[in-house]
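1. Fold the following and give me the result.
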Amino acid sequence: MFDSLENAISDVFGSGVTITGRRPIGGGDINDAYELRLSDGDHVFMKSNSVSRLPFFTAEVRGLEAIKKTGAIGTPEALAVGTDSGVGAFLLLRFIESGPRIAEYWETFGRELAAMHQVKQENYGFEEDNFIGATPQRNDRRDSFLEFFRDMRLKPQFDMADHYFSSGDRKQIEKLLCNMDRYYIEPDHPSLIHGDLWSGNHMTGSDGKVWIIDPATYVGHPEADLAMTELFGRCPEAFYDAYKEVSPLQPGYEKRRDFYNLYQLLNHLNLFGVSYLSSVRRILSMV
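-> A predicted model of the protein is given here:
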């Protein structure tokens, strides 16, 4: 934790190294993002926001470190986090250079994501609360995935969205929450998951393979990550085939997929408004 951007740069890159240029990078809808060019010829990726948003960055560091610890898939190295009177809260990440994709790009992504999910964890939740987009995400530990997903994922989102729902909607919500085992399943073991694995949160690195970014990390069911890859457009079939070679899916995933994505759609409803209500109701109609 640093009290200035200048101190962070000199601590990470060496005394006397300074920022010589700053280039805005688009793509995010929560934080400002920049490529910082340094006097030693290096460069670094920086996210910034108001000082009140510092918890977003400290939580992201924990998520990136947990993914990196699995040793299964590429993710950015967190270099420093802190506050600065000029930029507010900031997070410095090792800059990911983009390169040409390897021949088995999607197959490798599938195998590496499956390998990350295969690393057994202790229980469901995470070491601290974090965020899904701009929404706080509770991660209190549970021994049961169904209890965790009900109490830490679905219930908070349903409560925030309650003003959108009719009495009929609420009956379906109650039925879902009281009968979780009809719509979800306990995994073979707790797995670290990215938590927000849509297409905007993976990119190609200099090694030509997928690197995953902007995690909403927690220990949960791997199917939740797979379901998210299908919510806003699927990956190529080669990705799913390769994933299943390493980690075969439990029977019935296709029936559970939309129920995992209910959490993501509820979050979009709470963040962006009524345009997502019909998608939420479509899934509730299957209860």
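2. need the contact list for the residue nearest to Tyr260 when sequence neighbours are not counted.
-> Leaving out its chain neighbours, the residue that sits closest to Tyr260 by CB to CB, 6 or more residues apart in numbering is Ala227, at 3.8 Å. For every residue, glycine as well, the C-beta is placed using N, CA and C. Residues near Ala227 by CB atoms under 8 Å, 6 or more residues apart in numbering: 256-258, 260-261.
3. now Ala227: how far from Ala238?
-> 18 Å (CB to CB, to the nearest Å).
4. again with Val61
-> With CB to CB as the criterion, Val61 and Ala238 are 32 Å apart.
5. following the longest helix along the chain, which helix or strand shows up next?
-> Counting residues, the longest helix in the chain under DSSP state H turns out to be helix 253-272. Note on helix 253-272: by DSSP states H and E, the next helix or strand toward the C-terminus is helix 277-284.
6. Give the buried residues for that following helix.
-> By neighbour count on 16 or more other CB atoms under 10 Å, the buried set for helix 277-284 is 277, 279-281, 283-284.
7. Would you state the strands of the stretch 51-200 of the chain in chain order?
-> For the stretch 51-200 of the chain, the strands defined by DSSP state E, counting those that start in this stretch cover 78-84, 88-94, 130-132, 135-137, 191-193.
8. now the angle from the first one to strand 88-94?
-> Read that as strand 78-84. Strand 78-84 runs at 160 degrees relative to strand 88-94, counting by axes from the mean of the first three to the mean of the last three CA atoms, to 10 degrees.
9. what packs against strand 78-84?
-> Helices and strands touching strand 78-84, by 3 or more CB pairs under 8 Å, 6 or more residues apart in numbering; DSSP states H and E, are helix 5-13, helix 54-70, strand 88-94.
10. and the angle for it with helix 5-13?
-> 160 degrees.
11. Contacts made by strand 78-84 with the rest, please.
-> Against strand 78-84 from outside (CB under 8 Å, 6+ apart): 1-8, 11-12, 44, 51, 54, 57-58, 60-61, 64-65, 89-94.
12. what's the answer for the fourth one, then?
-> Applying CB under 8 Å, 6+ apart, the set of residues contacting strand 135-137 from outside is 129-131, 152-153, 157, 160, 195, 216, 218, 267, 270-271.
13. how does it look with 10 Å?
-> The contact list for strand 135-137, computed with CB atoms under 10 Å, 6 or more residues apart in numbering, reads 55-56, 59, 126, 129-131, 152-153, 156-157, 160, 195-196, 216-218, 263, 266-268, 270-271.
14. same question, the last one
-> Contact with strand 191-193 is made by 63, 66-67, 69-70, 72, 113-114, 116-121, 124, 126, 145, 215-226, 228, 247, as judged by CB under 10 Å, 6+ apart.
15. Give me the mean pLDDT for that strand.
-> Taken as a whole, strand 191-193 has an average pLDDT of 98.
16. cool, and the first one?
-> When pLDDT is averaged over strand 78-84, the result is 97.
17. Then stretch 42-51?
-> The average pLDDT for stretch 42-51 rounds to 96.
18. Counting neighbours, which bits of that stretch end up buried?
-> By 16+ other CB under 10 Å, the buried positions in stretch 42-51 come out as 43-49.
19. do the same with stretch 242-253
-> Applying a neighbour-count criterion of 16+ other CB under 10 Å, one finds 242-243, 247 buried in stretch 242-253.
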